[in-house]
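>>> sequence and predicted structure below; questions after.
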Amino acid sequence: MKASAEEDRRALLPALESERRELAVVIEQMPAGVIFAEAPSGRITWGNEECARIFRHPIRPAERIADYAKWKVFRLDGRVLPPREYPLAIAIRGKTVAARELMIERGDGTRGVICVNAAPIRDARRKIVSAVAVFLDVSEEKKTEAEVRALNAELETRVAHRTAELDAANRDLVREIAERLRLESRILDISEREQRRLGQDLHDELGQQLAGIGMLAAVVHRDLQQQQHGKTAAVAEIVEMLRQAVTSTRTLARGFYPVVLEQGGLRVALKDLAERTEKLTGVRCEVDYRRSFRFPKPAEIHLYRIAQEALTNGVKHGQPRRISIECMAIRRVPILRITNDGRSFKAGGRKRGGLGLHILQYRARLIGGEVSVARGPNGGCQVTCTFQHPPAA
């Protein structure tokens, strides 16, 4: 029996040797460092050429685990790794190490990073007879990761700096816009006061003077008429001209500042505006004012001016026969709409950015509205002032 077993062992040796050589060739071709050590001593028994390439020095012999210090391995924070904590030493004690990253000092004094896997090798009776450590050089990957982190940090710094600049510029712009709006509002307030003053001067001074002169002229006309004077007709013509001048002066005064707006509100002022426009131009003007809402007093002057400008432009450019002014509420939010049946409005047909349209839009913005100009439902032109909320005071 012993002879037969010995013969079987000898017969298997060539096959085992062949497999060993094949395995050695495979390990040598691996793009990873491979080191074997026997257990329990820790003596390094073999390593492939990739180990020498990664460490940039020949495989250093080690008879025991304490000799692993020759390989100069560190934790990633730079602290020296004790030989007992080397992955190969841990594997000899029966534990597996997976993807542990460590720093190494190469033979040329430079440092790199390796990713190590280690495991014990057991015989048929589960006894640890050796251990193997496999490691990859990940220095370039780590370098790339560090560069990417640095670039990301720099990018974040630049973005933060640029964002701060944009925030500052935006705050400046907001302040500038607010100041501009304040100044524009101030200019409109001054303009309204001046128009009111001119209207009062026309009505109280020039209008009264013309009315007084008209009364004197009427007295002279009656005297000349009684005397059957030859200049009676000429004086009668002067009286009529003075009467027309008084009417025109009062109309101008009401145009500069609608006193009826203070006395009767927007509804009465719009009706007065429509009547005067119809009388002066011959264009039929109608007002449809619903009573389901009230505009705040400070907003009424802006809405009145919007309607006044729309009427003036409609008569001047559209040559209409009829103009309607509508005030209505949709879901308790008011709309002011001025529509004429004159020439059809063509988008982009007129010069954009006219002063009149700018003023209309600005007045609307002051009270939380927006002005749009479009073709009317039956041609002509329609100016609409809309609000998302009730007009601001």
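Alright, I've got the coordinates. Numbers count the residues shown, from 1 in each chain.
>>> ok, then the element right after the helix or strand hosting Glu17?
Element membership of Glu17, judged by DSSP states H and E, is helix 2-29. Next along the chain after helix 2-29, taking DSSP H and E as the criterion, comes strand 33-38.
>>> list the buried ones in stretch 32-41?
32-39 (16 or more other CB atoms under 10 Å). C-beta: built from backbone N, CA, C; applies to glycine.
>>> list of residues touching it?
Here stretch 32-41 makes contact (CB atoms under 8 Å, 6 or more residues apart in numbering) with 27, 43-48, 50-51, 53-55, 59, 62-65, 88, 92, 114, 120-121, 128-137.
>>> swap in stretch 87-107?
35, 37, 39-40, 42, 54-57, 65, 68, 71-76, 78, 81, 83, 111-120, 128, 130-133, 135, 138.
>>> so where do the strands sit in the stretch 251-393 of the chain?
With DSSP state E, counting those that start in this stretch as the criterion, the stretch 251-393 of the chain has strands at 284-289, 322-330, 333-340, 369-375, 381-387.
>>> looking at these, which is nearest to Glu184?
strand 369-375 (15.3 Å; CB to CB).
>>> elements contacting that closest one?
On a contact count with 3 or more CB pairs under 8 Å, 6 or more residues apart in numbering; DSSP states H and E, strand 369-375 meets helix 355-366, strand 381-387.
>>> can you do 10 Å?
helix 297-313, strand 333-340, helix 355-366, strand 381-387 (3 or more CB pairs under 10 Å, 6 or more residues apart in numbering; DSSP states H and E).
>>> would you mark the buried spots in that strand?
So, applying 16+ other CB under 10 Å, buried residues of strand 369-375: 369, 371, 373.
>>> min pLDDT across these, which one?
Note: of the buried residues of strand 369-375, the lowest pLDDT belongs to Gly369, at 86.
>>> can you pull the contacts of that one?
299, 302-303, 306, 333-336, 360-361, 363, 384-392 (CB atoms under 10 Å, 6 or more residues apart in numbering).
>>> and what of Val132?
Residues in contact with Val132 (CB under 10 Å, 6+ apart) are 27, 34-37, 46, 87-88, 91, 117-121.
>>> ok, 8 Å please
34-37, 88, 91, 118-119, 121 are the contacts of Val132 under CB under 8 Å, 6+ apart.
>>> spatially nearest residue to Ile338 (excluding sequence neighbours)?
Ala310 (4.0 Å; CB to CB, 6 or more residues apart in numbering).
>>> does the one you found touch Leu360 like I think?
Yes. With contact defined as CB atoms under 8 Å, Ala310 counts as touching Leu360 (7.4 Å).
>>> confirm Arg222 sits in a helix?
Yes. Checked against DSSP: H, G, I helix; E, B strand; the rest coil, Arg222 lies within a helix.
>>> distance check, it against His229.
11 Å (CB to CB, to the nearest Å).
>>> Ala364 now?
59 Å.
>>> ditto for Ala374
61 Å.
>>> same question, Lys143
117 Å.
>>> how far out from the middle of the chain is the helix ranked longest in the chain?
Ranked by residue count, the top helix of the chain under DSSP state H comes out as helix 139-201. On the basis of CA atoms, centre = their mean, to the nearest Å, helix 139-201 sits 12 Å off its chain's mean C-alpha point.
>>> and that helix, what does it pack onto?
Counting by 3+ CB pairs under 8 Å, 6+ apart, helix 139-201 packs on strand 111-122, helix 232-256, helix 355-366.
>>> any idea of the mean pLDDT for that helix?
pLDDT averaged over helix 139-201 gives 84.
>>> again, but for stretch 75-90
95.
>>> tell me the buried residues in that stretch?
Buried, per 16+ other CB under 10 Å, within stretch 75-90: 81, 83, 86-90.
>>> out of the contacts of stretch 87-107, which are buried?
35, 37, 39, 42, 54-55, 57, 65, 68, 71-73, 81, 83, 112-120, 128, 130-133, 135.
>>> before we move on, back to that, so which of the buried residues of stretch 32-41 comes closest to Ala217?
Ala32 (119.7 Å).
>>> about what we covered before: quick one: the longest helix of the chain to helix 355-366, angle?
110 degrees (axes from the mean of the first three to the mean of the last three CA atoms, to 10 degrees).
>>> dump the residue contacts of Ser372.
Contacts of Ser372 (CB under 8 Å, 6+ apart): 383-384, 386.
>>> distance of it from Ile359?
Counting by CB to CB, the gap from Ser372 to Ile359 is 15 Å.
>>> with distance to Ile177 added, can I get the buried residues of strand 369-375 in TSV?
Shown next, in TSV, are those (distance: CB to CB, whole Å):
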residue	distance to Ile177
Gly369	18
Val371	19
Val373	24
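>>> no more questions from me, cheers.
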